[in-house]
Structures are given as structure tokens and as C-alpha cells.
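Visitor: sequence unknown, structure follows:
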């Protein structure tokens with residue numbers, strides 16, 4: 001089949017690479033986001049999908065908006081049989097979808113109808129779920145509400161972070177996506193509607209989500225630390241007033257006032273239980289193990305983190 005691939009974020013990379021390298025389907029074009037300022041110098045930088053697509057000599061289009069006559073004309077010229085959407089970042093108008101005889105399919109990293117919307121991987125971790133998964137769905141007018149074509153679960157390890165779980169979902173999603181495309185081409189695909197009574201919608205994360213609230217239970221804080229790696233990160237304020245990011249911790253038994261230092265091993269009391277911080281980072285510094293951070297630093301039992 002002739003396929004137009006629409007994606008921008010790293011989640012889409014295994015799908016694009018395997019679609020090109022492991023199938024007989026033809027990627028006739030890639031639509032992705034324009035270059036954006038990035039890094040401390042704010043240099044214009046291509047998104048991950050554009051960089052990979054360009055390295056594979058694929059045709060790439062980077063519109064600010066995909067609505068309008070120009071995009072319709074481009075899509076008509078490319079003559080796709082199917083649109084494949086993975087972490088693109090814009091709503092796909094019906095005027096484009098209808099050009100492809102098999103319309104459009106989307107990879108979503110959750111077990112729909114759970115976690116429709118942004119950051120489904122992070123919310124599965126925040127909520128302490130034991131499983132998540134990947135769904136391949138049709139693209140519908142309502143976001144993430146299309147019919148399910150394929151779905152598979154993933155176990156969530158208690159040490160998983162958003163980074164590691166993202167990579168697992170990306171790899172699983174690529175395999176499911178290729179299977180779905182083959183089934184569509186063979187005419188054997190079967191779809192079913194999502195159960196609207198079980199819909200869970202989640203919001204986009206923001207930087208304020210990363211502020212640690214020591215009045216939460218240790219397990220809840222630990223889940224958020226895992227969910228917010230790499231962004232927005234989890235941070236607190238030291239007794240000295242310095243900002244400390246926490247990248248890795250473990251829940252242990254312990255009692256004290258929320259935020260109280262319980263020992264000389266960087267163990268902090270919470271509303272229920274305690275957290276031993278294992279990997280931390282001062283503002284402007286590098287990530288380091290807690291024992292290295294503690295060298296030469298006066299941090300005594302009874303001091304308070306905020």
C-alpha cells in the first residue's frame with residue numbers, strides 16, 4: 001500500500017523505521033512538525049521524525065497547520081491508500097483523511113478507552129497501574145475515540161519510568177502497527193467500538209506537576225518521580241533553599257513530619273512511609289548518586305524539605 005506517515009515525537013520512530021525497512025509497503029511521504037528552537041542557544045532543530053525521515057531520503061512536509069487547500073492538493077498528489085498517525089501533535093481534518101481509500105489509523109500508548117488524551121504513559125505510572133498497553137485505532141472526529149483495530153497489554157515493572165515505558169510502548173506499537181497495516185491490505189482487519197462507559201480522559205502535564213508534595217504517601221510520590229522522568233522532573237526545596245531534582249528513590253518504612261529528614265542517608269518522611277532518595281540533581285548540575293551529593297553537605301536529622 002501507499003502510505004503517508006504523520007508523526008513528530010520519538011514514539012513514532014520505530015514505527016516509521018520498521019515500516020520502511022521491514023515491509024513492502026511504500027511510504028510516499030512524511031508529514032511532521034516544523035523545526036523548532038531547542039537547547040540553550042535556541043537553535044532551530046528538526047523534530048525526531050523529520051531527522052530520521054530525511055536520513056532515509058523520504059519526502060518530508062512540515063506545515064504549521066495541516067488544514068487548508070494546499071495540504072489537500074499535496075495529499076492528492078501523493079495518492080496514499082492509508083494515513084498512519086503516530087504522535088503527530090495536530091488534529092487531522094476529514095478533508096485529508098477522506099483522500100485515502102482506507103482513511104487513517106493511529107497508534108495510542110494506552111489500553112483505550114483508558115487514558116484518552118495527552119501523556120497516557122505518564123498517567124499510568126502516576127496511578128500506579130500494573131499494566132498498560134498500546135492500541136491501534138481508526139482516526140475519528142473525537143480525539144482517541146476511533147474503533148479499536150488491535151490492542152496488546154504491557155506489564156509495568158515497579159522500577160519503570162516514563163522513559164523506559166515509552167520505549168517499550170514504541171517498540172510494541174511498531175509491531176502492532178505493521179500487523180494492522182498488513183491485515184488492512186489483506187482485507188482481514190476486524191474492528192470494534194470503544195466502551196464509552198469506561199472512558200478515562202487525562203490532561204497534558206505541566207511544569208508545576210513536578211513539585212513534590214511531601215504530604216502525599218511515599219508510594220504516590222515515588223510513582224510521580226517515575227512518571228516525570230524525563231519531564232517535567234520531580235523537585236523539592238532543600239533546607240538551604242536550593243532546588244533539588246529527584247530522579248530515583250525507593251519507598252521504605254519510616255515516620256516523621258512530611259518533609260522531615262529521618263537519617264543521614266537522605267531518607268525523607270511523607271504522609272505515609274518514607275522515601276530514600278537515590279539519584280538527585282542540583283539546579284544547573286548533573287545527576288548524581290545520593291551518597292555523592294551528601295559529601296561535605298550539612299544535612300541533619302530533623303531538618304525539613306519543602
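Guide: Noted; the coordinates are in hand. All of these numbers come straight from a predicted model, not from anything done at the bench.

Visitor: Quick check: the gap between residue 48 and residue 14.
Guide: Distance, residue 48 to residue 14, by CB to CB, to the nearest Å: 11 Å. All C-beta spots, glycine's among them, are computed from the backbone N, C-alpha and C.

Visitor: ok, these two, which is more surrounded?
Guide: Using other CB atoms under 10 Å as the criterion, residue 48 and residue 14 rank with residue 14 on top: 22 against 19.

Visitor: pLDDT wise, what is that one at?
Guide: Residue 14 is assigned a pLDDT of 98 by the prediction.

Visitor: next one: residue 284
Guide: 88.

Visitor: so what strands line up beside the helix or strand of the chain with the lowest mean pLDDT?
Guide: None of the helices or strands of the chain scores lower by mean pLDDT, DSSP states H and E than strand 36-38, at a mean of 85. Partners of strand 36-38 in the sheet, by DSSP bridges, are strand 43-45 (antiparallel).

Visitor: residues in contact with the next helix or strand after the strand it pairs with?
Guide: Following strand 43-45 in sequence order, the next helix or strand is helix 48-55 (DSSP states H and E). Contact with helix 48-55 is made by 5, 7-10, 12-13, 16-17, 30, 32-33, 35, 46, 60, 62, as judged by CB atoms under 8 Å, 6 or more residues apart in numbering.

Visitor: for those, which one is nearest residue 158?
Guide: residue 10 (23.8 Å; CB to CB).

Visitor: Excluding sequence neighbours, find me the nearest residue to that closest one.
Guide: residue 48 (4.9 Å; CB to CB, 6 or more residues apart in numbering).

Visitor: likewise residue 168?
Guide: Leaving out its chain neighbours, residue 168 is closest to residue 154 (CB to CB, 6+ apart), at 5.7 Å.

Visitor: what's the answer for residue 131, then?
Guide: residue 153 (5.1 Å).

Visitor: Which elements pack onto the helix or strand where the one you found lies?
Guide: In this structure, residue 153 sits in strand 148-155 according to DSSP H and E. Applying 3 or more CB pairs under 8 Å, 6 or more residues apart in numbering; DSSP states H and E, we find strand 148-155 packed against strand 131-138, helix 162-186.

Visitor: domain parsing for the protein?
Guide: With domains defined by automatic domain parsing, the chain comprises 2-201, 207-294.

Visitor: Would you format those as CSV with distance to residue 304 included?
Guide: CSV is the format used below for the domains of the chain (distance: least, CB to CB, whole Å):
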stretch, distance to residue 304
domain 2-201, 25
domain 207-294, 5
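
Visitor: I figured residue 96 hits residue 72, correct?
Guide: Yes. Counting by CB atoms under 8 Å, residue 96 does reach residue 72; the two are 6.6 Å apart.

Visitor: Which one of the two is surrounded by more residues?
Guide: residue 96 (24 against 16).

Visitor: Now the more buried one: closest residue in space that isn't a chain neighbour?
Guide: residue 75 (5.3 Å).

Visitor: can I assume that neighbour sits in a strand?
Guide: No. Membership of residue 75 in a strand is not supported by DSSP: H, G, I helix; E, B strand; the rest coil, which gives helix.
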